[in-house]
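In: what follows is a predicted protein model with its sequence.
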Amino acid sequence: MGNINKGVLRQAIVIGSTSFVIAIGMSIGSGVVVDKFHNLVLALILLFAIIAVGIIFDIIGVATTAAEASPFHAKASKKVKGSRQANNLLANADKVASFCNDVVGDICGTVSGSLGTAIVFLIAAGRPGIDDTIAATIMTGIIAGLTVGGKAAGKKMALEQSEQVVFRVGQVLAWVEDLTGIEILGSKKPRKVREKVTK
């Protein structure tokens, strides 16, 4: 029990520290863009991009936990590019889902909220007649609507096309590994193929 608690605590510390660093970096980066350029259109594009990143990673996290391993074992035996990385994704499904859904998803939600506030200030500065409270309320609704609606649609796609999503991510990881020479996910014992339920 002690080992399990230590493992959970270690994972929580690593995830928390990673989240802290990524969140600070994204917040500073988006803040610099808004403060330096004072461009409403650029700030809105950045906001939509951050929301999109959160939705995409949510799709990856859901697909990784839903996908079957057998198609990728077959592809790996034929040396199909990206199949080994896809197998590694499935073998580390719990960590991948935690990173995609919890770390990246929550960070994008936090940063998009902060950026939304900055955008409201930009709008108020350029149009003094606009009520700050109303503008902030509308912005919060827009961000929540896009995030929740996008993730809802994304989850449906992730469940229906889980193998395709995982394979595409595996291909991207293979390209990154070829480019950098760094293995993104270490090899691990492959996840057992789930047995089909028969009546």
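Out: Cool, got the structure. Numbers count the residues shown, from 1 in each chain.
In: from Leu44, how far off is Val165?
Out: 28 Å (Cβ to Cβ, to the nearest Å). Heads up, the C-betas are built off the backbone N, CA and C, glycines and all.
In: checking Trp175 next. Helix, strand or coil?
Out: Three-state assignment for Trp175 (DSSP: H, G, I helix; E, B strand; the rest coil): helix.
In: that one: neighbour count?
Out: By the criterion of other Cβ atoms under 10 Å, Trp175 has 13 neighbours.
In: tell me the contacts of it?
Out: The contact partners of Trp175, by Cβ atoms under 8 Å, 6 or more residues apart in numbering, come to none.
In: what do you get if the cut-off is 10 Å, keeping everything else the same?
Out: By Cβ atoms under 10 Å, 6 or more residues apart in numbering, Trp175 lies in contact with Lys81, Gly82, Gln85.
In: and for Asp35?
Out: Taking Cβ under 10 Å, 6+ apart as the test, what Asp35 contacts is Ala118, Leu122.
In: buried set for the helix or strand harbouring it?
Out: Under the criterion of DSSP states H and E, Asp35 resides in helix 2-37. Buried residues in helix 2-37, counted by 16 or more other Cβ atoms under 10 Å: Ser19, Ala23, Met26, Ser30, Val33, Val34.
In: re earlier: more crowded one of Val165 and Leu44?
Out: Set side by side, Val165 and Leu44 show more neighbours around Val165, with 24 against 15, by other Cβ under 10 Å.
In: ok, now which ones touch that one?
Out: 56, 59-60, 62-64, 66-67, 86, 89, 154, 157-159.
In: low-confidence ranges, the protein, go.
Out: Within the chain, the stretches with pLDDT under 70 are 1-5, 7-8, 11, 36-37, 186-199.
In: how about the helices in it?
Out: For the chain, the helices defined by DSSP state H occupy 2-37, 40-66, 70-77, 83-91, 93-97, 105-126, 132-160, 162-180.
In: highest mean neighbour count out of these?
Out: Between the helices of the chain, helix 83-91 has the highest mean count of neighbours, a mean of 23, where neighbours are mean count of other Cβ atoms under 10 Å.
In: CA-only coordinates of that helix in PDB, if you can.
Out: Extracted C-alpha coordinates of helix 83-91, given in PDB (Å, rounded to 0.1, in the frame of the first residue of the first chain):
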ATOM      1  CA  SER A  83       2.500   1.600 -35.700                       C
ATOM      2  CA  ARG A  84       5.200   1.100 -33.100                       C
ATOM      3  CA  GLN A  85       4.500   4.600 -31.700                       C
ATOM      4  CA  ALA A  86       0.800   3.800 -31.700                       C
ATOM      5  CA  ASN A  87       1.500   0.600 -29.800                       C
ATOM      6  CA  ASN A  88       3.500   2.700 -27.300                       C
ATOM      7  CA  LEU A  89       0.600   5.100 -26.900                       C
ATOM      8  CA  LEU A  90      -1.800   2.300 -26.100                       C
ATOM      9  CA  ALA A  91       0.700   0.600 -23.700                       C
END
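In: since that was my last question, I'll sign off now.
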